[in-house]
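S.K.: below are the sequence and a predicted model; questions follow.
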Amino acid sequence: MDTTENADEYADRSPDSTAGPAPQAGNVAPTPPVARPRPAGPRTAAFFDLDKTIIAKSSALAFSRPFYQGGLINRRAVLRSAYAQFVFLVGGADHDQMEKMREYLSALTRGWNVQQVREIVAETLHNLIDPIIYDEAASLIEQHHAAGRDVVIVSSSGSEVVEPIGALLGADHVIATRLKIEDGCYTGEIEYYAYAENKAAAIRELAESEGYDLAECYAYSDSSTDLPLLEAVGHPSAVNPDRALRKEAVAREWPVLVFDRPVELRRRLPEFSAPSRSVLTAVAIGTAVLTAGVIWYAARRRRPAA
């Protein structure tokens, strides 16, 4: 039986859970800090994938033009990225394809100046990412915070993109891919790859340090590669799922949510104020943004969803 449902109705009847203290130093924090309820009992969190779960496109592909203008990629790569964005929106990826693209993109970023990447992202993030955040995802994030849960973004994308997006949305923690850096440049080696089972291991480690009760936590993703992440919590949901994840979600009677309303945060929240360029640059540390392409560009043709 298909469990597809309206995201707002699902969020409205999500049970209240527990809360925790403000984010630790060094993690992305909301601006300004917001007082949250702190019910008695174990702490809980909501874990969100990023691409096609919180935002409507690939986070990395959105930056192809600024990277071209900054001299990091050539015109051919821009055109390739435009095609890849289309494939990402309608396609899927298997493990082998993603591994090949991980190797390709690691090599592509070799020699890039880290500070230049951070500045490009800080300068263009708001205009590129703000308009493609799903209204339904933003509502869920607000509701989880109101219920006293931490919000954690867990993405295979590079942290230069994920951490500033986390700052935009008020995420309490971010887990993202990191590339190795030497002498201010990327070496082309991956230091940490936030993918598949690595995501599940990372949230277990975070739960241990933060005191989350994973049986009472929530998780949201669009991809079957995130099954380990979804299986690690007591309340998993498939969002805009690929065919394989939809099949699993239906079989396990997980909610299947459809997010289809990208909206600018400034229009959705008139009082919203984007973090400054200096803040975005400060939180964008440690990795190459195009590592995010492991997910989207590796994507190939997927059969229509059942």
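M.R.: Noted; the coordinates are in hand.
S.K.: look up how far Ala122 lies from Ile129.
M.R.: For Ile129, the distance to Ala122 equals 12 Å [CB to CB, to the nearest Å]. Backbone N, C-alpha and C define where each C-beta goes, glycine included.
S.K.: shared neighbours of these two, anything?
M.R.: Common neighbours of Ile129 and Ala122, using CB atoms under 8 Å, 6 or more residues apart in numbering, are Pro164.
S.K.: pairing partners for the helix or strand hosting Ile153, with directions?
M.R.: According to DSSP states H and E, Ile153 maps onto strand 150-158. Sheet pairing for strand 150-158, assigned by DSSP bridges, gives strand 45-48 (parallel), strand 173-182 (parallel).
S.K.: list the helices and strands the very next helix or strand once past that strand packs on?
M.R.: Note on strand 150-158: by DSSP H and E, the next helix or strand toward the C-terminus is helix 159-169. With contacts taken as 3 or more CB pairs under 8 Å, 6 or more residues apart in numbering; DSSP states H and E, helix 159-169 sits against helix 114-129, strand 150-158, strand 173-182, helix 277-283.
S.K.: for the stretch 201-306 of the chain, give me the ranges with low pLDDT.
M.R.: Along the stretch 201-306 of the chain, the parts satisfying pLDDT under 70 run over 266, 268-306.
S.K.: what about the strands in it?
M.R.: For the stretch 201-306 of the chain, the strands defined by DSSP state E, counting those that start in this stretch cover 218-221, 235-239, 256-258.
S.K.: out of these, deepest packed?
M.R.: strand 218-221 (a mean of 27; mean count of other CB atoms under 10 Å).
S.K.: extract the C-alpha set from that strand and format it as PDB.
M.R.: Listed next in PDB are the C-alpha coordinates belonging to strand 218-221 (Å, rounded to 0.1, in the frame of the first residue of the first chain):
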ATOM      1  CA  TYR A 218      13.400  11.400  12.500                       C
ATOM      2  CA  ALA A 219      15.200  11.200   9.100                       C
ATOM      3  CA  TYR A 220      14.300  12.400   5.600                       C
ATOM      4  CA  SER A 221      15.900  11.500   2.300                       C
END
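S.K.: neighbouring contacts of that strand?
M.R.: 14, 44-49, 53, 137, 140, 144, 149, 203, 226, 229-230, 232-233, 235-239, 241, 245, 257.
S.K.: could I have the PyMOL command that selects the buried members from those residues?
M.R.: In PyMOL, this line selects whichever of those come out buried by 16 or more other CB atoms under 10 Å:
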select buried, resi 14+44+45+46+47+48+49+53+137+140+144+149+203+226+229+230+232+233+235+236+237+238+239+241+245+257
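S.K.: tell me, how many residues neighbour Leu227?
M.R.: 21 (other CB atoms under 10 Å).
S.K.: that one reaches Leu245, doesn't it?
M.R.: Yes - assessed by CB atoms under 8 Å, Leu227 is found in contact with Leu245 at 7.1 Å.
S.K.: show me where this protein has its helices.
M.R.: 7-12, 64-69, 75-90, 95-108, 114-129, 135-146, 159-169, 197-210, 227-231, 243-252, 265-268, 277-283, 293-296 (DSSP state H).
S.K.: sorry, back to before: just the mean pLDDT for the strand holding Ile153, thanks.
M.R.: Taken as a whole, strand 150-158 has a mean pLDDT of 93.
S.K.: send the alpha carbons of it over as CSV?
M.R.: Taking Å, rounded to 0.1, in the frame of the first residue of the first chain, the C-alpha atoms of strand 150-158 are listed here in CSV:
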residue,chain,number,x,y,z
ASP,A,150,17.8,19.5,16.9
VAL,A,151,18.0,19.7,13.2
VAL,A,152,21.0,18.0,11.4
ILE,A,153,21.8,18.2,7.7
VAL,A,154,23.6,15.1,6.5
SER,A,155,24.8,15.4,2.9
SER,A,156,27.4,13.9,0.5
SER,A,157,27.9,17.5,-0.7
GLY,A,158,31.0,19.4,0.3
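S.K.: wait, Ile175 touches Tyr193, no?
M.R.: No - Ile175 is beyond contact range of Tyr193, at 11.1 Å (criterion: CB under 8 Å).
S.K.: same drill for those two, tell me which one is more crowded.
M.R.: Ile175 (23 against 19).
S.K.: tell me what that one is bridged to.
M.R.: Beta-bridge partners of Ile175, as defined by DSSP bridges: Val154.
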